[in-house]
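Visitor: no sequence on hand, only this structure:
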Ligand SMILES: NC(=O)C1=CN([C@@H]2O[C@H](COP(=O)(O)OP(=O)(O)OC[C@H]3O[C@@H](n4cnc5c(N)ncnc54)[C@H](OP(=O)(O)O)[C@@H]3O)[C@@H](O)[C@H]2O)C=CC1
Ligand SMILES: O=C(CO)COP(=O)(O)O
């Protein structure tokens, strides 16, 4: 069996590194030259991994993993619709499309074919790539197909759990990035670990509020793709979303070429919350902060002065 990975960034390359230990992999990057991965330096890919900039090299693969930043997924699918049509597709991105408000699986469904899946959960690319133990969620509405993918995409160090709750898995992965930015802001502004714990907990409450309103199951939010990834991303310096938030909190500069999924997702979530009248104060505040519509002091004041209420 051959697995193709579209997107030779950090996550795509990490998946290639681990999957290449048990199967043949084609890793495609639009600007890729040679085998070194610019966004995951120092990783040597196994010989079983073919690295290419020619997308036609992915045409024979049985499964296609799309490891692209969320806001590039819809234009990518539209551009390559004929090539993706009818294929077995797995989204490996976290976020909500700003233009449509859709998650990655609904976007992949435009290509027709078998039910698309999403692979999400707590994992840093660098950990996966060097074979540290990692557990992720594979969500697919078709459980038979999900079971097959679970087997095909698990490796001795990458353990996949399976669910049919695609909405829950997608929204957990998308929303935790927004809360991770907020956690970074709290730490960057010197507000302390207690404030971060409060924010993570209330952030989790609002993740559940939105996800359950969209039909997600509570146990999915409590699992790897929700709570698990929230904990990892809000507490680790390895997270780009956390570091971006910390820079905001410190008032320092941040490299604009870094992928920070939570920024656009915060805007999308703030709009959905407004339209659907769902109370999402932290995500709404992150969107306003990211867009420079509110300052840090006012944002904190606004969160702390909300009416007291039952937990
Ligand atoms: N990194 C991680 O630890 C993890 C990441 N993820 C998720 O994986 C997804 C991808 O992130 P990640 O790999 O880290 O991001 P990176 O920034 O490391 O890489 C993004 C890759 O996407 C490519 N790309 C961007 N736009 C396009 C486009 N329009 N067409 C084709 N290729 C494009 C970039 O190519 P170029 O370099 O040419 O711009 C780059 O190779 C995100 O949703 C992220 O949340 C999930 C779990 C872990
Ligand atoms: O999703 C991730 C960990 O599960 C990676 O987090 P960042 O995108 O914040 O680096």
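Guide: On my side now, so go ahead. Treat the numbers as computed from the prediction; the structure is a model and nothing was measured. Numbering: from 1, shown residues only. Ligands and ions are numbered 1, 2, ... in the order given.
Visitor: tell me how far the nearest residue to residue 191 once chain neighbours are set aside lies from ligand 1.
Guide: Counting by C-beta to C-beta, 6 or more residues apart in numbering, residue 300 is the residue found nearest to residue 191 once chain neighbours are left out, at 7.4 Å. In this view, the C-beta of every residue, glycine as well, is placed from N, C-alpha and C. For residue 300, the distance to ligand 1 (C-beta to the nearest ligand atom, to the nearest Å) stands at 27 Å.
Visitor: so which helix or strand takes in residue 300?
Guide: helix 296-304 (DSSP states H and E).
Visitor: may I see the buried residues of that helix?
Guide: With burial defined by 16 or more other C-beta atoms under 10 Å, the residues of helix 296-304 counted as buried are 296, 299, 300, 303.
Visitor: and what of stretch 112-126?
Guide: Under the neighbour-count criterion of 16+ other C-beta under 10 Å, stretch 112-126 has 114-126 buried.
Visitor: ok, now stretch 48-55?
Guide: Going by neighbour count (16+ other C-beta under 10 Å), the buried part of stretch 48-55 is 49, 50, 51, 52.
Visitor: list the contacts of that stretch.
Guide: Applying C-beta atoms under 8 Å, 6 or more residues apart in numbering, the contact partners of stretch 48-55 are 6, 8, 16-17, 20-21, 23-35, 45, 57-58, 80, 83.
Visitor: if we use 7 Å, what do you get?
Guide: Stretch 48-55 is contacted from outside by 8, 16, 20, 23-33, 35, 45, 57, 83, using C-beta atoms under 7 Å, 6 or more residues apart in numbering.
Visitor: state the mean pLDDT of that stretch.
Guide: For stretch 48-55, the mean pLDDT works out to 98.
Visitor: can you check stretch 189-196 too?
Guide: Throughout stretch 189-196, pLDDT has a mean value of 96.
Visitor: go ahead and name everything in contact with it.
Guide: Residues outside stretch 189-196 that contact it (C-beta under 7 Å, 6+ apart): 183, 186, 187, 234, 249, 296.
Visitor: now that stretch: buried residues?
Guide: Neighbour-count burial for stretch 189-196, counted by 16+ other C-beta under 10 Å, picks out 189, 191, 195, 196.
Visitor: which ones among these lie within helices?
Guide: Mapping the buried residues of stretch 189-196 onto helices (DSSP state H) picks out 195, 196.
Visitor: if we can go back for a sec, check the contacts of stretch 189-196 and tell me the two furthest apart.
Guide: Farthest pair in these (C-beta to C-beta) is 234 and 296. Separation: 17.8 Å.
Visitor: check contacts around residue 96.
Guide: Counted by C-beta under 7 Å, 6+ apart, residue 96 has contacts 103, 174, 265, 268, 269.
Visitor: where does the third one land on pLDDT?
Guide: Note on residue 265: pLDDT of 98.
Visitor: shouldn't residue 133 be in contact with residue 157?
Guide: Yes. Residue 133 is within contact range of residue 157, at 5.5 Å (criterion: C-beta atoms under 7 Å).
Visitor: which members of the buried residues of stretch 112-126 occur in strands, if any?
Guide: 117, 118, 119, 120 (DSSP state E).
Visitor: you'd agree the second one is up against residue 94?
Guide: Right, the one you point to is residue 118. No. Taking C-beta under 7 Å as the definition, residue 118 is not a contact partner of residue 94, at 8.8 Å.
Visitor: can you name the residues of this structure that neighbour ligand 1?
Guide: Counting by C-beta under 6 Å from any ligand atom, the chain comes close to ligand 1 at 7-12, 29-31, 39, 67-70, 72, 76, 92-95, 123-125, 259, 261.
Visitor: interface residues of the stretch 201-311 of the chain facing ligand 2?
Guide: Checking the stretch 201-311 of the chain against ligand 2 by C-beta under 6 Å from any ligand atom, the hits are 229, 232, 233, 239, 240, 241, 261.
Visitor: what comes into contact with the helix or strand where the first one lies?
Guide: What it means is residue 229. For residue 229, the enclosing helix or strand under DSSP H and E is helix 229-235. Helix 229-235 is contacted from outside by 121-122, 172-173, 176-177, 179-180, 183, 196, 200, 204, 239, 241-242, using C-beta under 7 Å, 6+ apart.
Visitor: where along the protein do the strands fall?
Guide: Using DSSP E, strands in the chain cover 2-6, 24-28, 49-52, 63-66, 88-91, 117-120, 134-140, 158-163.
Visitor: could you identify which of these is most buried?
Guide: With neighbours defined as mean count of other C-beta atoms under 10 Å, these peak in mean count at strand 117-120, which reaches a mean of 28.
Visitor: neighbouring contacts of that strand?
Guide: 90-92, 94, 104-105, 136-140, 146, 149, 153, 166, 169-170, 173, 225.
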